[in-house]
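Student: Give me a 3D structure for the following:
(one chain, ligands or ions: 2)
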Amino acid sequence: MRSFFKKYRKIIQHKHGWEIELQCSKCNHRAIPKYNGWIPGYSKSFGNTPRIYAKLQCPQCENDLKNEAGNKLVGLFQNIRTANKRITIMFIGLILFITILILLRIIPPPFAIGLLLAPMIIYFSYKSAAVLQKCDCNTPHYIFMGMLGRTCCYRCSTCGKLKRLR
Ligand SMILES: [Zn+2]
Ligand SMILES: [Zn+2]
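Tutor: Numbers count the residues shown, from 1 in each chain. Ligands and ions are numbered 1, 2, ... in the order given. Take a look at the predicted model:
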């Protein structure tokens, strides 16, 4: 059990970064931007709106490359399908099922939340994140690049494969 949680914590953490060239709109220099860490953000976006958490700078003129990165993210990921769609649908199905059981008073709400929902949420995040532990190149090293709508966008550092997770 303890090793499960250790593995869980490791899997669930995003590794932030940016390893793709961007063209600076100010000086036209094209290069891999300077990565200065990341800032958390909580607002939700819909459709194909990009959100970049990494602080990226043009290595030549130090211009902030947030917009450039956002456009790049849309270009790269808009046609990539969500890798954990089946898990998500199953999860939503189970939530609905439990909600119906609560509404029909077959199970009381505190019981449902404590005993059913909490482990389900843990299991769901674990299963979703486990998608990133596998890659065609056999040495997966997925880096979180940002959000597109409500999906997280990742790129394998080793082979460049792109994955989107809900
Ligand atoms: Zn520049
Ligand atoms: Zn790979």
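
Student: Which helix or strand in the chain has the lowest average pLDDT?
Tutor: Of all the helices and strands that make up the chain, helix 2-12 has the lowest average by mean pLDDT, DSSP states H and E, namely a mean of 66.

Student: Write out the residues of the protein neighbouring ligand 2.
Tutor: For the chain, the residues in contact with ligand 2 (Cβ under 5 Å from the ion) are 135, 137, 156, 158-159, 161. Every C-beta, even on glycine, is put in place using the N, C-alpha and C of the backbone.

Student: ok, so what distance separates the closest residue to residue 30 other than its chain neighbours from residue 124?
Tutor: Distances taken as Cβ to Cβ, 6 or more residues apart in numbering place residue 23 nearest to residue 30, at 4.4 Å, with adjacent residues excluded. According to Cβ to Cβ, to the nearest Å, residue 23 stands 38 Å off from residue 124.

Student: Looks like residue 36 contacts residue 58 (just checking).
Tutor: No: with contact defined as Cβ atoms under 8 Å, residue 36 does not reach residue 58; the gap is 11.7 Å.
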